[in-house]
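Visitor: just to be clear, the model below is a prediction. Sequence and coordinates:
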Amino acid sequence: MAKIYQFYVELRDSSPKIWRTIQVRQRMTVAEFVYILLPLFEMQASHLFKVNVPVGKMQVEKNKKVSGDAFDEKAFLKEHPELPKIRYRYELLDMIDDFSKRENDIIFNVTKESLKYAISEIGERMELWYDFGDDWFIDIKLKDIFDTDDSNMSPIVLEGEGFGIIEDCGGVWRLNDIIKAFKSKKSKSFQEYRDWLGIEDFNFSLFEKDEMNERLQVIPQIYKRCYEEKKALTDQEIKYIERKI
């Protein structure tokens with residue numbers, strides 16, 4: 001028997017919402033989980049990433065849930081002022097940065113740590129931070145845990161909406177503006193974005209579940225080689241990732 005995690009994942013501040021419901025094996029590293037998330041949102045492994053788990057905040061929430069009305073949150077936080085600030089941070093240790101490090105961060109090697117130790121209970125959450133310039137955030141929530149006889153089950157997408165990001169466009173607010181422009185097809189910015197992207201038109205609400213599941217059979221392995229073995233993508237791989245073949 002193998003444990004399966006079901007997650008709801010969403011591109012933070014996207015409008016309209018860009019989201020997926022996925023199932024993955026519990027038995028994988030945090031990095032391997034990221035290599036599944038990236039292609040789900042059209043992220044092309046051209047930037048660094050890290051995963052943050054707000055363990056302190058979640059512990060406060062658990063205490064509140066267990067104690068109910070008897071929980072005095074103000075008194076508890078006065079006694080444990082540092083607890084909400086504690087955060088597990090998973091990243092590539094050979095590419096670690098200090099600019100976003102906080103005093104209460106506990107840092108792990110994202111390629112070595114198991115997903116089951118990063119998140120283990122239904123309702124727990126984490127965030128994927130991709131591209132420290134454009135600052136894309138994927139909010140991740142564990143919705144279910146169940147057993148399967150298929151210990152080699154591939155990651156699968158159950159449902160979702162929205163296409164994903166545009167690399168190096170400036171972040172989610174610019175993406176929202178681009179989506180709005182392509183939907184209206186009347187604004188001056190529509191022509192500007194068409195020229196910049198080099199496309200006549202595009203449906204940014206497009207999401208093909210079956211096609212995405214096919215891509216999940218290929219792209220995560222490519223990304224693992226890229227990030228962990230530092231192997232450059234081949235021209236053929238780039239074309240596939242960018243949907244040019």
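Guide: Received, thanks.
Visitor: list phi and psi for the residue sitting furthest away from the middle of the chain.
Guide: Distance from the centre of the chain peaks at residue 70, with 35.6 Å (Cα atoms, centre = their mean). The phi/psi pair for residue 70 (degrees, to the nearest 10) reads phi -80, psi -10.
Visitor: can you list contacts of the longest strand anywhere in the chain?
Guide: Assignment by DSSP state E gives strand 136-148 as the longest strand of the chain. The contact list for strand 136-148, computed with Cβ atoms under 8 Å, 6 or more residues apart in numbering, reads 1-13, 21, 26, 37, 41, 43, 119, 121-130, 165, 171-172. The C-beta positions use only the backbone N, C-alpha and C, and glycine is treated the same way.
Visitor: please apply the same query to stretch 118-130.
Guide: 5, 12, 30, 34, 37-38, 43, 47-54, 58, 88, 90, 108, 135-145.
Visitor: gap between that stretch and the chain center?
Guide: For stretch 118-130, the separation from the chain centroid amounts to 10 Å (computed by Cα atoms, centre = their mean, to the nearest Å).
Visitor: any low-confidence regions in this protein?
Guide: By pLDDT under 70, the low-scoring segments of the chain are 95-102.
Visitor: residue ranges for the helices of it, please.
Guide: 30-40, 55-67, 73-79, 115-118, 172-184, 188-197, 209-215, 219-228, 235-241 (DSSP state H).
Visitor: follow-up on the earlier one: so what are the sheet partners of the longest strand of the chain and their directions?
Guide: Sheet pairing of strand 136-148 (DSSP bridges) gives strand 2-11 (antiparallel), strand 125-130 (antiparallel).
Visitor: of the contacts of strand 136-148, keep whichever come out buried.
Guide: Neighbour-count burial (16 or more other Cβ atoms under 10 Å) applied to the contacts of strand 136-148 gives 4-11, 13, 21, 26, 37, 41, 43, 119, 124-130, 165, 171-172.
Visitor: same list (the helices of the chain) but as TSV, adding distance to residue 159.
Guide: TSV is the format used below for the helices of the chain (distance: least, Cβ to Cβ, whole Å):
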stretch	distance to residue 159
helix 30-40	12
helix 55-67	26
helix 73-79	36
helix 115-118	21
helix 172-184	20
helix 188-197	27
helix 209-215	7
helix 219-228	19
helix 235-241	23
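Visitor: between those, which one is nearest to residue 150?
Guide: Of all the helices of the chain, helix 209-215 sits nearest to residue 150, with 14.9 Å by Cβ to Cβ.
Visitor: list of residues touching that closest one?
Guide: 39, 40, 154, 156, 157, 158, 159, 160.
Visitor: what about 7 Å?
Guide: Helix 209-215 is touched from outside by 39, 40, 156, 157, 159, 160, with contacts defined as Cβ atoms under 7 Å, 6 or more residues apart in numbering.
Visitor: so which of those wins on neighbours?
Guide: By neighbour count, taken as other Cβ atoms under 10 Å, the most surrounded of the contacts of helix 209-215 turns out to be residue 40 (24 neighbours).
Visitor: quick one: that residue from residue 58, how far?
Guide: Counting by Cβ to Cβ, to the nearest Å, the separation of residue 40 from residue 58 is 23 Å.
Visitor: equivalent analysis for residue 178, please.
Guide: 34 Å.
Visitor: comparing the two, which residue is more hemmed in?
Guide: With neighbours defined as other Cβ under 10 Å, residue 178 and residue 58 compare such that residue 178 has more, 22 against 18.
Visitor: show me the contacts for the closest residue to that one other than its chain neighbours.
Guide: Distance criterion Cβ to Cβ, 6 or more residues apart in numbering; nearest residue to residue 178, sequence neighbours excluded, is residue 193 at 5.2 Å. By Cβ under 7 Å, 6+ apart, the contact list for residue 193 reads 178, 181, 182.
Visitor: about what we covered before: buried sites along the longest strand of the chain?
Guide: 136, 137, 138, 140, 142.
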